[in-house]
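Novice: Could you look at this predicted model? Sequence included:
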Amino acid sequence: MMEKQITRILDRINTGGDYYVLILENPFDTEIEPGQFVMISLAGISDPFLKRPYSIYRSFLKSDEKPAGEIHLLIKKVGVGSRQMGEVSIGSKLDIIGPLGKPFTVKQETKHVIFVAGGVGIAPFIEFAASKIVEGKKKTMLMGSRSEADIQAVEELESLGVEVRIATEDGSVGTKGRVTVLLDNIIEDGLDPATEIYSCGPEPMMKAVGKITNKNNLPCQLSLEAYMGCGFGVCLGCVVKDKDGHYIRVCKEGPVINANELADFGAGEEN
Amino acid sequence: MSNVDLSTELKFEHYPTIKLKNPIMAASGTFGYGQDMTDFFDPALLGGIATKGISLEPREGNPPIRICETASGMLNAIGLNNVGLEAFIEHKMPFIRKMDKTACLVNFYGNCIEDYVTLAGKLSEVDGVDALEMNISCPNVKEGGIVFGSDPVIMKEVVSATRANCKKPLIVKLSPNVTNIAQMANVAVDAGADGLSLINTLTGMAIDINTKRPVLANVIGGLSGPAIKPIALRMTHEVCKSVDVPVIAMGGISTPTDALEFMLAGAVALQVGTASFTNPNAMTEMITGIENILEEKNIATLKEWIGTLDV
């Protein structure tokens, strides 16, 4: 159930480079599923005009330990909205709409889950790695970025039992090159037939990941990014083309969509 | 329980009056077909809804990027993405029909005069449709792409032809992209419009200096939101002064105060659109807000407020 609520900034932690984690009170009673997102803006302020969508990085329902509950968002300062949230004072009130969108799903029989993330695309995978649906499964993160400054959340992932492999374009850490090199390598080394792949990052990266996974007949879910007007399905602003040539809404039919259902992401390239 | 009577009426010369329990309607293209908003509020609380614009055939709409934020508003070039007449009647009307105390305006558009005529005829027969809202802000593909609503001669032609085949009140939604809106309103009424709604979006554009390209894939889009409210208010004022048919106003209405301003200018009902994108509860909050303001002013009925602008 989607809701519009008021929340408050509890804390903000700089995590290096242009990145920070915004910690909010969790106003929702519904459990958040990994891959879902929220739309936020400063309460009562309409500049910038539209709310901004952010993947949920971590969430905790209200409990004795955390009476207000918590929602964590990993944000990279890129535009007006993300800069504003990086500057307003702790305690500021926000309007929040959520939880929104379709989450990641994992088949029960799946033994190995591989996350492929680029830059701030790492955001949904912490909540995912911590969730019950991947409990007891082998977890690998293939992380790509321009350089070391963009590498986020490695310790959190490792503490959640995820094996992390890194590629940077400038070679400052890990393998030199794009994250798709790591994906090609892990496929070449041979995967358990019960493997599922999940990806989030810049569109060109996800297109490349979709092509590789479809070509190898590997199930792959992509968490798409888009400009959004509303976030809940009515403005039709955030569409992407499906394999039949129809436009579907990233906010409603997504943001998590199977790579083999999307035109331009390698659908139809299966062997 | 409040003592303010928020009901209002669309009084037509040739059709029975449509009674609205309050003046707030969802604007076309900002509410889907009603179902997507039910998590936030019960759409049956609204005075009315204007559906997504329906065409004869389903339409995919424009490629992305389709929207762009601007100062106090946004541009959109969705491209009239809709399920088409047949699927609308079969899959979308059953939900809308259940809200029998909420007026249903079906918004529709064509690419040529024949499309409008056919759609008006077919939609008039659909059970649960109270009135038709005719979008004339789209290009006439048979006449070199001239926008129907921007040329008085073409507008007169399309409205008269549509009127002749329409068996429900026909509300013409005016385009603001004209020099003299009152003149266009008169042309529409003379051609048979039973009511008017205004304003549609203003055409606009955004450019990305990094790519040196237009932001919207369609290059040009429609501007909406608080940025256009003063223009919409001025046009509502001019139109209400010069025609006698019911006027439904829209254009950047976001707060209860905005709503009351348009009603002072003479609008009998209002549509709220872009405000619902940033606050999905904007319409229900507006209904309560109007009620509170009128109560504070000791005004017992909304009807006493309508058209009482002191110039």
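Specialist: Done, it's in. Remember, it's a predicted structure, so these values are computed and weren't measured experimentally.
Novice: how many neighbours does residue 259 have?
Specialist: In the absence of a named chain, this looks at chain A. 26 (other C-beta atoms under 10 Å in any protein chain shown). For every residue, glycine as well, the C-beta is placed using N, CA and C.
Novice: actually chain B
Specialist: Other residues lying near B:Ala259 total 25 when counted by other C-beta under 10 Å.
Novice: How about residues contacting the helix or strand containing it?
Specialist: Assessed by DSSP states H and E, B:Ala259 sits inside helix B:256-264. Applying C-beta atoms under 8 Å, 6 or more residues apart in numbering or on different chains, the external contacts of helix B:256-264 come out as B:23-24, B:229, B:232-233, B:236, B:249, B:252-253, B:270, B:285-286, B:288-290, B:292-294, B:302, B:305-309.
Novice: got the buried residues for it?
Specialist: By neighbour count with 16 or more other C-beta atoms under 10 Å in any protein chain shown, helix B:256-264 contains the buried residues B:Pro256, B:Asp258, B:Ala259, B:Leu260, B:Glu261, B:Phe262, B:Met263, B:Leu264.
Novice: Distance of B:Ala265 relative to B:Thr51?
Specialist: 26 Å (C-beta to C-beta, to the nearest Å).
Novice: May I have the predicted confidence score for residue 269?
Specialist: As the question left the chain open, I've gone with chain A. A:Glu269 carries a pLDDT score of 77 in this model.
Novice: wait, chain B
Specialist: For B:Ala269, the pLDDT comes out at 98.
Novice: Could you report the separation of it from chain A?
Specialist: From B:Ala269 over to chain A the distance is 20 Å, taken as C-beta to the nearest C-beta, to the nearest Å.
Novice: measure that residue to B:Pro230 for me?
Specialist: The gap separating B:Ala269 from B:Pro230 is 20 Å, by C-beta to C-beta.
Novice: Kindly report the same for A:Gly17.
Specialist: 43 Å.
Novice: A:Ile248 in helix, strand or coil?
Specialist: For A:Ile248, the assignment made with DSSP: H, G, I helix; E, B strand; the rest coil gives strand.
Novice: wouldn't it be in contact with A:Gly254 here?
Specialist: Yes - if you go by C-beta atoms under 8 Å, A:Ile248 and A:Gly254 touch, sitting 7.3 Å apart.
Novice: Spell out which residues are contacts of both of these two.
Specialist: Residues touching both A:Ile248 and A:Gly254 (C-beta under 8 Å, 6+ apart) are A:Val240.
Novice: Please say which of the two ends up with more neighbours.
Specialist: A direct count of neighbours by other C-beta under 10 Å for A:Ile248 and A:Gly254 places A:Gly254 higher, at 23 against 16.
Novice: residues in contact with the residue nearest to that one when sequence neighbours are not counted?
Specialist: In space, and not counting its chain neighbours, A:Gly254 is closest to A:Leu224: 5.1 Å by C-beta to C-beta, 6 or more residues apart in numbering or on different chains. By C-beta under 8 Å, 6+ apart, A:Leu224 lies in contact with A:Glu203, A:Met206, A:Val240, A:Val250, A:Gly254, A:Pro255, A:Val256, A:Ile257.
Novice: sorry, back to before: if you count surrounding residues, which of B:Ala269 and B:Pro230 has more?
Specialist: B:Ala269 (28 against 12).
Novice: Now do the contacts for that one.
Specialist: Applying C-beta under 8 Å, 6+ apart, we find B:Ala269 in contact with B:Thr8, B:Leu10, B:Leu20, B:Pro23, B:Ile24, B:Met25, B:Gly47, B:Gly48, B:Pro246, B:Ile248, B:Ala249.
Novice: same thing but at 10 Å, please
Specialist: B:8-10, B:18, B:20, B:22-25, B:47-48, B:103, B:105, B:171, B:195, B:197, B:246-250, B:262-263, B:306 (C-beta atoms under 10 Å, 6 or more residues apart in numbering or on different chains).
Novice: Selection in ChimeraX covering whichever of the residues you listed are buried, please.
Specialist: Buried residues among the contacts of B:Ala269 (16+ other C-beta under 10 Å), as a ChimeraX selection:
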select /B:8,10,18,20,22,23,24,25,47,48,103,105,171,195,197,246,247,248,249,250,262,263,306
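Novice: now whatever residue of the stretch 1-150 of chain A ends up closest to chain B: how far from A:Ile248?
Specialist: Going by C-beta to the nearest C-beta, chain B is nearest to A:Met2 of the stretch 1-150 of chain A, at 4.2 Å. Counting by C-beta to C-beta, the gap from A:Met2 to A:Ile248 is 18 Å.
Novice: Now do the SS call for B:His91.
Specialist: B:His91 - assigned by three-state DSSP - is helix.
Novice: which one is it nearest to, not counting chain neighbours?
Specialist: B:Val83 (7.0 Å).
Novice: now B:Phe41
Specialist: Nearest to B:Phe41 is B:Thr284, by C-beta to C-beta, 6+ apart, at 4.7 Å.
Novice: Please settle this for me: is the one you found part of a helix?
Specialist: Yes - under three-state DSSP, B:Thr284 falls within a helix.
Novice: In the stretch 101-250 of chain A, where is pLDDT below threshold?
Specialist: Of all residues in the stretch 101-250 of chain A, none has pLDDT under 70.
Novice: What segments of it are helices?
Specialist: A:123-130, A:154-159, A:179-188, A:203-215 (DSSP state H, counting those that start in this stretch).
Novice: and the ones you listed, which is most packed in?
Specialist: helix A:123-130 (a mean of 25; mean count of other C-beta atoms under 10 Å in any protein chain shown).
Novice: With just CA atoms, put it into PDB.
Specialist: Extracted C-alpha coordinates of helix A:123-130, given in PDB (Å, rounded to 0.1, in the frame of the first residue of the first chain):
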ATOM      1  CA  ALA A 123      21.900   1.600  -3.400                       C
ATOM      2  CA  PRO A 124      19.200  -1.100  -3.500                       C
ATOM      3  CA  PHE A 125      21.600  -4.000  -2.900                       C
ATOM      4  CA  ILE A 126      22.300  -3.400   0.700                       C
ATOM      5  CA  GLU A 127      18.600  -3.800   1.600                       C
ATOM      6  CA  PHE A 128      18.500  -6.800  -0.800                       C
ATOM      7  CA  ALA A 129      21.600  -8.500   0.700                       C
ATOM      8  CA  ALA A 130      20.100  -8.100   4.200                       C
END
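Novice: thinking again about what came up before, which of the buried residues of helix B:256-264 sits closest to chain A?
Specialist: B:Asp258 (12.7 Å).
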